[in-house]
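Chemist: need a 3D model of the sequence below.
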Amino acid sequence: MNDQGTTRLKPMIIANGKMILPDQIVEASVVVLNGRIAAIVEAAKFTEEEWIGKYPGSEVIDAANRYVLPGLIDIHCDAIEKEVQPRPNTLFPLKMALLEFERKLPVHGITTMYHSLSLGVGLSLRGDHLLTSMVEEINSYRSKRSVIRNRIHLRLEVSHLAGIPIVERFLRDNTIDYLSFMDHSPGQGQYREPGSFERYVMKNQGVSADEVRIIVEDLLERRKMVSMEQLKQLSRLASKQGIALASHDDDSLHKVNESVGLGVSVCEFPINLETATYATSKGLRVCVGAPNVVRGASHDKNLKAIDAIAANAAYILCSDYHPSSMLAAVFKLENEGIAALPEAVRMASLNPAQALGAAGELGSIEPGKAADLIIVDHYDGLPWVTHTIVGGQLVYASKTRYCEGLAFSEW
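Modeler: Alright, predicted model coming up:
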């Protein structure tokens, strides 16, 4: 299917599942016609033959005893960069990386991915040419076909002054779908601890201490040259194009106020609870990482996502760098009594859709919306996806065998 969906699909029935609607769970079936949710039929339980009688030629998927969720929407995930460059100085072909990464996502229930690509020296894929080539590759691919809905989240390192014309071009050409401003300079934000920035770049990019010293010196010099007016111009252009703008790693009330002044609507990964709470009070949609929820802590010893969620200071879950964490985090929030399941599901579906202006089409199980749905079972307390449907098409299905008492060779 292409990213716009397909018409004249055969009808599909997801029957007898536990439907996670925006504010409740109901035993129901979903009728899908031409790739869209046509009806939610509660209580009535028809056989497969009865469903086919009502909707000739339909595909019936029995979801009994399993949950049916809207497809997950991941607005921040930079894992595709690791697919391109799994180790320092080891690059794989961009097309191969995109295809291999995309086909992993339905397994995790992700039906819309905002591939997060960083524009900034020393912090991601090296060279603006590689970044622009990846953006072009994703755009070319999604214009022809796709398994899921592929979107582009461009992350601008504000001190990367040479990147500003690139962002302007992408915005004017409607090449990207989401924009964030980052500041990873040492001494603030994520890298407040002395030496933390240097350690990260050395490990991530495989550079020496002498090389990273040059990177830091150059970065700090360029940081002095950042123009708030230039960033506001980018913000105004993004707003004109209907593209949401995010801040990143806000660490103080002052930084939140600065973000608000830039026209930001999403606050990604605030460093502490005070900042997250203040950002929420200012009307920003706070985004926290699902890996943080699953692990119970930030890998950088910053804000615990669970604390922000419990304090009603977080609105969106994203996978950050680990796609399989999204679904696990949703059910962990419910299992530990931090959020009711419909609320937890909203954080990974409807809320991000609302934040990025896609809620009219995606994010919830409601008549008229695109039929992006996942069916979820559990094994040993962990959720796993048995079916993923995008635009009314089954793109992933899994069956398992229980082999208790059998030797491996007998499988």
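Chemist: does the strand or helix carrying V31 pack against any helices or strands, and if so which?
Modeler: Taking DSSP states H and E as the criterion, V31 maps to strand 25-33. Contacts defined by 3 or more C-beta pairs under 8 Å, 6 or more residues apart in numbering; DSSP states H and E place strand 25-33 against strand 12-20, strand 36-42. Any C-beta I mention is one placed from the backbone N, CA and C, and that applies to glycine too.
Chemist: if you set the cut-off to 10 Å instead, what comes out?
Modeler: strand 12-20, strand 36-42, helix 48-54, strand 59-62, strand 67-70, helix 341-347 (3 or more C-beta pairs under 10 Å, 6 or more residues apart in numbering; DSSP states H and E).
Chemist: pick the most buried one from those.
Modeler: With neighbours taken as mean count of other C-beta atoms under 10 Å, the helices and strands packed on strand 25-33 reach their highest mean count in strand 67-70, at a mean of 26.
Chemist: what is the rounded mean pLDDT of that one?
Modeler: For strand 67-70, the mean pLDDT works out to 98.
Chemist: measure the residue nearest the centre of the chain to S349 for me?
Modeler: In the chain, the residue lying closest to the centroid (C-alpha atoms, centre = their mean) is D74, at 1.4 Å. D74 is 10 Å from S349, where distance means C-beta to C-beta, to the nearest Å.
Chemist: quick check: neighbours shared by the two?
Modeler: Residues touching both D74 and S349 (C-beta atoms under 10 Å, 6 or more residues apart in numbering) are 109, 111-112, 316-317, 326.
Chemist: where are the low-confidence patches of the stretch 301-411 of the chain?
Modeler: Per-residue confidence for the stretch 301-411 of the chain (pLDDT under 70) gives these ranges: 401-411.
Chemist: nope, the chain is what I was after
Modeler: Counting by pLDDT under 70, the ranges of the chain that qualify are 1-7, 121-127, 184-196, 203-206, 220, 225, 401-411.
Chemist: so I374 sits in a strand?
Modeler: Yes - using DSSP: H, G, I helix; E, B strand; the rest coil, the assignment for I374 is a strand.
Chemist: which residues does it bridge with?
Modeler: Under DSSP bridges, the beta-bridge partners of I374 are L69, T388.
Chemist: follow-up on the earlier one: now the helices and strands packed on strand 25-33 as CSV including distance to L98?
Modeler: Below are those laid out as CSV (distance: least, C-beta to C-beta, whole Å):
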stretch, distance to L98
strand 12-20, 27
strand 36-42, 27
helix 48-54, 37
strand 59-62, 28
strand 67-70, 24
helix 341-347, 27
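Chemist: beta-bridge partners for I14, please?
Modeler: Residues in a beta bridge with I14, per DSSP bridges, are V30, I61.
Chemist: residues in contact with it?
Modeler: Taking C-beta under 10 Å, 6+ apart, we find I14 in contact with 28-32, 37, 40, 59-63, 66, 68, 365, 371, 373-375, 387, 389.
Chemist: chain neighbours aside, what residue packs nearest to N150?
Modeler: Closest residue to N150 apart from its sequence neighbours, by C-beta to C-beta, 6 or more residues apart in numbering: R142 at 4.5 Å.
Chemist: any idea where the helices of the stretch 151-300 of the chain begin and end?
Modeler: All helices of the stretch 151-300 of the chain, identified by DSSP state H, counting those that start in this stretch, fall at 164-172, 196-205, 209-223, 228-240, 253-261, 273-281, 290-295.
Chemist: most packed of these?
Modeler: helix 290-295 (a mean of 23).
Chemist: pretty sure G163 contacts H129?
Modeler: No - look at G163 against H129 with C-beta atoms under 10 Å: they stay out of range, at 12.0 Å.
Chemist: if you count surrounding residues, which of these two has more?
Modeler: More crowded of G163 and H129, by other C-beta atoms under 10 Å: G163, with 21 against 9.
Chemist: element containing the residue nearest to the centre of the chain, please.
Modeler: D74 belongs to strand 72-77 when assigned by DSSP H and E.
Chemist: keeping just the C-alphas, turn that strand into PDB.
Modeler: In PDB, the C-alpha atoms belonging to strand 72-77 read as follows (Å, rounded to 0.1, in the frame of the first residue of the first chain):
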ATOM      1  CA  LEU A  72       0.600   3.100  17.800                       C
ATOM      2  CA  ILE A  73       1.900   6.500  16.600                       C
ATOM      3  CA  ASP A  74       5.500   7.100  17.400                       C
ATOM      4  CA  ILE A  75       6.500  10.800  17.000                       C
ATOM      5  CA  HIS A  76      10.100  10.500  18.100                       C
ATOM      6  CA  CYS A  77      12.300   7.500  17.300                       C
END
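Chemist: now that strand, how far from the chain's geometric center?
Modeler: Offset of strand 72-77 from its chain centre (C-alpha atoms, centre = their mean, to the nearest Å): 1 Å.
Chemist: likewise stretch 41-48?
Modeler: 33 Å.
Chemist: for stretch 209-217, same thing?
Modeler: Taking C-alpha atoms, centre = their mean, one finds the center of stretch 209-217 at 32 Å from the center of the full chain.
Chemist: repeat for stretch 364-374
Modeler: The answer for stretch 364-374 is 18 Å, by C-alpha atoms, centre = their mean.
Chemist: how much space is there between A64 and Y315?
Modeler: 33 Å.
Chemist: out of those two, which sits in the busier spot?
Modeler: Y315 (23 against 10).
Chemist: would you mind measuring from G283 to I110?
Modeler: On the measure of C-beta to C-beta, G283 and I110 end up 27 Å apart.
Chemist: what about those two, which has more around it?
Modeler: In terms of neighbours (other C-beta under 10 Å), I110 is the more surrounded of G283 and I110; the figures are 28 against 9.
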